[in-house]
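coordinates only, sequence not included:
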DNA sequence: CCGGGGATGGCAACTTCCTGCCGACATCGG
DNA sequence: CCGATGTCGGCAGGAAGTTGCCATCCCCGG
């Protein structure tokens, strides 16, 4: 695969500076993200620049963002502003696609700055866009996902607390006034949301996301 | 309990600046720590100031410092320089006691700076010192602890990797060319070292310590 | 060469978790 | 009031993890 002519920007600051003009005139912005440390582009626009119509926004996230209070709030706010938000369990990469003409792909962090590849080659962009579309189609709408997990979200902090405190399911369930079966259901949902296959992994990820 | 007249220093920088003179003339420095983010005092002395004899050093750590490569190296280096190092499973607080006359007690982190209470009141210092002594007596000498965990330390990175990857004990054991029984022994030792009662907790702590 | 100490790994008895199944109960639209 | 739908939680069977026990093997000092 040829990576020629793909300029790489280093760090968020440079990204914003160099790509602001793309967002300014965009009519469709599509993004996938596993956290909200990136993509300031997803912020509401400063000022009331009515010269350009609000672009159509599609945002694809992994479930764990909804476990993080502030991230969840951010996502819901975007949704309330009219962005289409979906949740996927796929292991997505951080990506922005603008008008199906530009793709910004997040890479690794070097020297504390994340690298961003800016792809303009039409064929590649189309390809990326179609991959995104596939993930988008198999993803769940935020409203639906929410409806299926109301109980979980309210209990997440307490469940995590109890898990982190090292107590047994039996004890934890009692502490929450739940049946063991239900408690385990919540834990299972939590693990799914975290994409964890074992409790060890869940603990690590939860800590990683700052949920504990 | 009266906390009058206990000056609190904020941040390491201030701590070093304000307490350097205590260390300079100390003949016995005793410290307890759960990590090495603090206590620059435990660094080898810069320069070769022979005007003061090297103080007697007693250092008490929790087992997890030995799981962290760079921390472990630091601790072993101190030990090699003649400091008495012991490992305890007690939930110790960060403390420095100098000549049984001053105690520096680490507190919470506020605004990114950790607070340090400098206690000079003889009664209190004696009390702290005797508490430390009790913990010290029940602790294990580094050499002994090491001898009992040689296998563990060499396997820690791989075991953590496997646990974090979410695979079952069966698979992980095979990957390491170990019997399941032995693999589980290592995991159990690891959990003990981390002070974790459940794998979830172990995952969280491991991530916390940057071991993953 | 022998005996002691330690690591190993199979076995087995538990404990803890994981989940499908199902009856009980609440909620809601008709 | 009724049926549809959804959550709850007990139960049961199975998977995964925890530990004591012990035969085996390796290394070492005598």
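In hand now; what should we look at? It should be emphasised that the depicted structure is a prediction, and the values quoted were computed from it without experimental measurement.

tell me which element the closest residue to chain B within chain A falls in.
With C-beta to the nearest C-beta, the shortest gap between chain A and chain B falls at residue A:203, namely 2.8 Å. (C-beta placed from N, C-alpha, C; glycine too.) Per DSSP states H and E: residue A:203 is located in helix A:199-208.

hmm, back to that, wait, the residue of chain A closest to chain B touches residue B:201, no?
Yes - Residue A:203 is in contact with residue B:201 according to C-beta atoms under 8 Å; the separation is 6.2 Å.

now the helix holding residue A:203: how far from the chain's centre is it?
17 Å (C-alpha atoms, centre = their mean, to the nearest Å).

for stretch A:97-108, buried residues please.
Neighbour counts using 16 or more other C-beta atoms under 10 Å in any protein chain shown place A:97, A:98, A:99, A:100, A:102, A:103, A:104, A:105, A:106 of stretch A:97-108 among the buried residues.

model confidence over stretch A:15-23, on average?
Averaging pLDDT along stretch A:15-23 yields 89.

residues in contact with that stretch: which ones?
Here stretch A:15-23 makes contact (C-beta atoms under 8 Å, 6 or more residues apart in numbering or on different chains) with A:9, A:29, A:40, A:41, A:55, A:98, A:102, A:104, A:116, A:118.

in a strand, the second one, correct?
Yes - counting by DSSP: H, G, I helix; E, B strand; the rest coil, residue A:29 is located in a strand.

nearest spatial neighbour of it, skipping sequence neighbours?
Excluding the flanking residues, the one nearest residue A:29 by C-beta to C-beta, 6 or more residues apart in numbering or on different chains is residue A:55, at 5.0 Å.

and for the one you found, the neighbour number?
When neighbours are counted by other C-beta atoms under 10 Å in any protein chain shown, residue A:55 registers 18.

and DNA strand C, is the helix holding residue A:203 touching that?
Yes - Helix A:199-208 reaches DNA strand C (C-beta under 7 Å from any atom of the strand) through residue A:199.

tell me which other helices or strands the strand of greatest length in chain A touches.
Longest strand in chain A by number of residues (criterion: DSSP state E): strand A:102-110. Strand A:102-110 sits against helix A:11-24, strand A:95-98, strand A:113-119, helix A:122-137, with contacts defined as 3 or more C-beta pairs under 8 Å, 6 or more residues apart in numbering or on different chains; DSSP states H and E.

list the buried ones in the last one?
If you call a residue buried by 16+ other C-beta under 10 Å, then helix A:122-137 has these buried ones: A:124, A:125, A:128, A:129, A:132, A:135, A:136.

same thing with the third one?
Of all the residues in strand A:113-119, those buried under the rule 16+ other C-beta under 10 Å are A:114, A:115, A:116, A:118, A:119.

which bits of chain A sit near chain B?
A:163-168, A:196-208, A:212 (C-beta under 8 Å from any C-beta of the partner chain).

just the buried ones out of these, please.
Applying 16+ other C-beta under 10 Å to the residues of chain A next to chain B flags A:163-164, A:166-167, A:196, A:198-208, A:212 as buried.

and chain A, which residues reach DNA strand C?
Contact residues (C-beta under 7 Å from any atom of the strand) of chain A with DNA strand C: A:168, A:169, A:170, A:181, A:184, A:185, A:187, A:188, A:191, A:198, A:199.

where in chain A is pLDDT low?
Applying pLDDT under 70 to chain A flags residues A:1-4, A:37-52.

excluding its backbone neighbours, what's nearest whichever residue of chain A sits closest to DNA strand D?
Proximity of chain A to DNA strand D (C-beta to the nearest atom of the strand) peaks at residue A:179, 2.4 Å away. Once flanking residues are discounted, residue A:179 sits nearest to residue A:173: 6.3 Å by C-beta to C-beta, 6+ apart.

three-state assignment of the one you found?
helix.

what about it, how many residues nearby?
Neighbours around residue A:173, by other C-beta under 10 Å: 21.

show me what contacts it?
Listed by C-beta under 8 Å, 6+ apart, the contact partners of residue A:173 are A:179, A:180, A:182, A:183, A:184.

residue A:153 too?
A:66, A:67, A:72, A:146.

dump those into TSV; add distance to residue A:140 and secondary structure as well.
Converted to TSV, the contacts of residue A:153 look like this (distance: C-beta to C-beta, whole Å; DSSP: H, G, I helix; E, B strand; the rest coil):
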residue	distance to residue A:140	secondary structure
A:66	11	helix
A:67	15	coil
A:72	15	helix
A:146	9	helix
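
give the buried residues for the one helix or strand residue A:185 maps to.
Taking DSSP H and E as the definition, residue A:185 sits inside helix A:180-194. Neighbour counts over helix A:180-194 (16+ other C-beta under 10 Å) mark A:183, A:186, A:187, A:189, A:190, A:191, A:193, A:194 as buried.

which other helices and strands does that helix contact?
Looks like helix A:180-194 contacts helix A:150-164, helix A:169-176, helix A:199-208 (3+ C-beta pairs under 8 Å, 6+ apart).

for the ones you listed, which one sits closest to residue B:141?
Across the helices and strands packed on helix A:180-194, residue B:141 has its closest neighbour in helix A:199-208 (30.4 Å, C-beta to C-beta).

thinking again about what came up before, among the buried ones among the residues of chain A next to chain B, which are within reach of DNA strand D?
residue A:198.

three-state assignment of residue A:60?
Classified using three-state DSSP, residue A:60 is strand.

tell me the bridge partners for it.
Beta-bridge partners for residue A:60, by DSSP bridges, are residue A:32, residue A:86.

and for it, the neighbour number?
By other C-beta under 10 Å, 21 other residues sit near residue A:60.

ok, residue A:88 next?
18.

for it, which non-adjacent residue is closest in space?
residue A:139 is the one closest to residue A:88 (C-beta to C-beta, 6+ apart), at 3.8 Å.

with residue A:206 instead?
Nearest residue to residue A:206, sequence neighbours excluded (C-beta to C-beta, 6+ apart): residue A:212, at 5.2 Å.

what sits against that neighbour?
Here residue A:212 is in contact with A:160, A:161, A:164, A:203, A:206, B:204 (C-beta under 8 Å, 6+ apart).

same check on residue A:152?
Residue A:152 sits next to A:186, A:189, A:190, A:193 when contact means C-beta under 8 Å, 6+ apart.

and residue A:200, by the same measure?
Counted by C-beta under 8 Å, 6+ apart, residue A:200 has contacts B:163, B:164, B:166, B:199, B:200, B:202, B:203.
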